[in-house]
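Engineer: okay, sequence plus prediction incoming.
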Amino acid sequence: MRQRNRGRVALAAVAAMCAAAALPGQAFAAGEPAAYTFDPGAKKVVGTEVSTEASALTPGSVYKSSIKRGEKLYYRLNLDARTNAYVSAVAVPRGGGQVAYGDGITVSIRDSTDMQCSSQDARFESAEFPRPIATYAYRIMQKDSSTCQEAGTYNVLIERESKETSAPDEWDLELRYESEPQLKSAGSMPTDAPENWPSASPTPPTTAPQKRSGGTSYYDATGLETGEWQEKGGIKPGQTLFYRVPVDWGQQIFATADLSNNKASDEFIGNALAMSLDNPVHGHVDSATPLSYSGKPASVSLDPLPPVAYENRYDSTSSVSAMRFAGWYYLSVTLSPAIAKSYGDKAIPLTLKVKVEGKARNSPYTGDAGAFSVTQDDKDMAKSGQSGPQAARSGTMKTVGAAGIGAGSVLVLGLGVWTLLARRRASTAPAGPSGGEQPYGGPPQAW
């Protein structure tokens, strides 16, 4: 039994090490921007053009799908009569194919009669270069509403629009379905959108710049907190970098991207850099006005947004409405591939200035709010600059270390007991022909 237990400990350590090795990290091809990293836990799902044949999505799950130019694809939800549901879609053009102004996707949730619960779109606007774009739709339970309030089957409809001049290739889709936690007391929550909030940009962070390497997607986005952050490798033409910032209830987020000068040219490039902010369920919040570049230092900032509040959802402005829950907020920055024509394909230094202001308030939800919360672990990850996979690897290696220490302790203890018994036996019994009988069948066997 003791040997079997030691074996279990050893197997646990080996399994933990295998799990750590299996976790994906950032992969960069030599000289090329890294491709979008899809969540490795995403399930494959195929959208259908016939609603009755649609595959069902389940809460808390991530899916990978694809959509062709002009397609309208259905997916199914089975909803109860009390839970708010959110479905987001990240569209990723393949191979950096050409996109045009107005290209994009629309996501809507509809009931069985095709009544629309909500609809939002994500478009390539003046920054006409390929990059991941995200949007979401939701079914919200509202006391005074008669639309989309019943339990039953609902459809998620994703529509793609692309100009004839755009690349005809399929776009990959990363779909996420989340259910919002229940409120502690629904009757006590405000039902009116805020009318005013602090809108003056705060004093920029004064801490010394620190280096961080941005991720390639929402999945491996790099954690940031209030401070000034220099992208460790700079940003290359055509590259999109992802970062995430924990923003709690009652807090505001401000962000600025600074692009360094470049002596290679003074050619004017309009819409050279795009910066976007998305909420914890990958719903689009807002985009900064695309930055123009002429080889001199340039800067662009997000417009001031309201503090995170439950009642923001009742505002008619999508950027205010999207600041409706606490959690990780995602910043993405893309440098136009057109930069390479005049400035070469080398990375340009990039700095992000991030500030989170306001005292954190209590969550309105009951129980564990999951993705709709900010935990101490989240704050620690932001402070250390960890992405989700890096945090998972760190936690796994702690398990490996603990398992290794445990297994080593068992071996040392076993050898100590065997040695003590051998000495006692030798002092009380005459030696046999072979020099003495080993206690309990000899020393512990190797495993």
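Structural biologist: Sure, I can see it.
Engineer: show me what residue 254 is bridged to.
Structural biologist: Taking DSSP bridges as the rule, residue 254 bridges to residue 355.
Engineer: you'd agree it is up against residue 358?
Structural biologist: No - using Cβ atoms under 8 Å, residue 254 is not in contact with residue 358, being 10.8 Å away. For the C-beta atoms, the positions are set from N, CA and C on the backbone; glycine is no exception.
Engineer: who has more neighbours, these two?
Structural biologist: residue 254 (20 against 16; other Cβ atoms under 10 Å).
Engineer: the bottom helix or strand of the protein by mean pLDDT?
Structural biologist: The helix or strand of the chain with the poorest confidence is helix 2-22; it has a mean of 42 (mean pLDDT, DSSP states H and E).
Engineer: got a list of what residue 306 touches?
Structural biologist: 194, 197, 252, 312, 320, 323 (Cβ atoms under 8 Å, 6 or more residues apart in numbering).
Engineer: just give the nearest non-adjacent residue to it, would you?
Structural biologist: Nearest non-adjacent residue to residue 306, counting by Cβ to Cβ, 6 or more residues apart in numbering: residue 197, 4.2 Å away.
Engineer: quick check: which element contains the one you found?
Structural biologist: Assigned by DSSP states H and E, residue 197 falls within no helix or strand.
Engineer: distance of the residue most central in space within the chain relative to residue 116?
Structural biologist: Residue closest to the mean C-alpha point of the chain, counted by Cα atoms, centre = their mean, is residue 218 at 3.4 Å. Distance of residue 218 to residue 116, computed by Cβ to Cβ, to the nearest Å: 26 Å.
Engineer: so which residues of the stretch 301-447 of the chain form helices?
Structural biologist: Under the criterion DSSP state H, counting those that start in this stretch, the stretch 301-447 of the chain contains helices at 318-321, 339-343, 376-384, 388-428.
Engineer: tell me the gap between the second one and the middle of its chain.
Structural biologist: Averaged C-alpha coordinates place helix 339-343 at 31 Å from its chain's average position (Cα atoms, centre = their mean, to the nearest Å).
Engineer: check which residues of it are buried.
Structural biologist: Neighbour counts over helix 339-343 (16 or more other Cβ atoms under 10 Å) mark 339, 342, 343 as buried.
Engineer: quick one: the last one from residue 295, how far?
Structural biologist: As defined by Cβ to Cβ, residue 343 lies at a distance of 7 Å from residue 295.
Engineer: swap in residue 321?
Structural biologist: Distance from residue 321 to residue 295, by Cβ to Cβ: 39 Å.
Engineer: and if you look at residue 302?
Structural biologist: From residue 302 to residue 295 the distance is 24 Å (Cβ to Cβ).
Engineer: over to residue 54?
Structural biologist: Applying Cβ to Cβ to residue 54 and residue 295 gives a distance of 50 Å.
Engineer: ok, residue 62 next?
Structural biologist: 41 Å.
Engineer: surely residue 109 touches residue 89?
Structural biologist: No - between residue 109 and residue 89 there is no contact under Cβ under 8 Å: 11.5 Å.
Engineer: quick one, which of those two is more surrounded?
Structural biologist: Taking other Cβ under 10 Å, residue 109 and residue 89 do not tie; residue 89 has more neighbours (29 against 25).
Engineer: and the helix or strand hosting that one, how far out from the chain middle?
Structural biologist: Taking DSSP H and E as the criterion, residue 89 maps to strand 85-93. Put simply, strand 85-93 sits 12 Å off its chain's centre (Cα atoms, centre = their mean).
Engineer: tell me who's in contact with residue 343.
Structural biologist: 237, 262, 264, 265, 267, 295.
Engineer: list the contacts for residue 219?
Structural biologist: With Cβ under 8 Å, 6+ apart, residue 219 has these contacts: 37, 38, 39, 40, 387, 388, 389.
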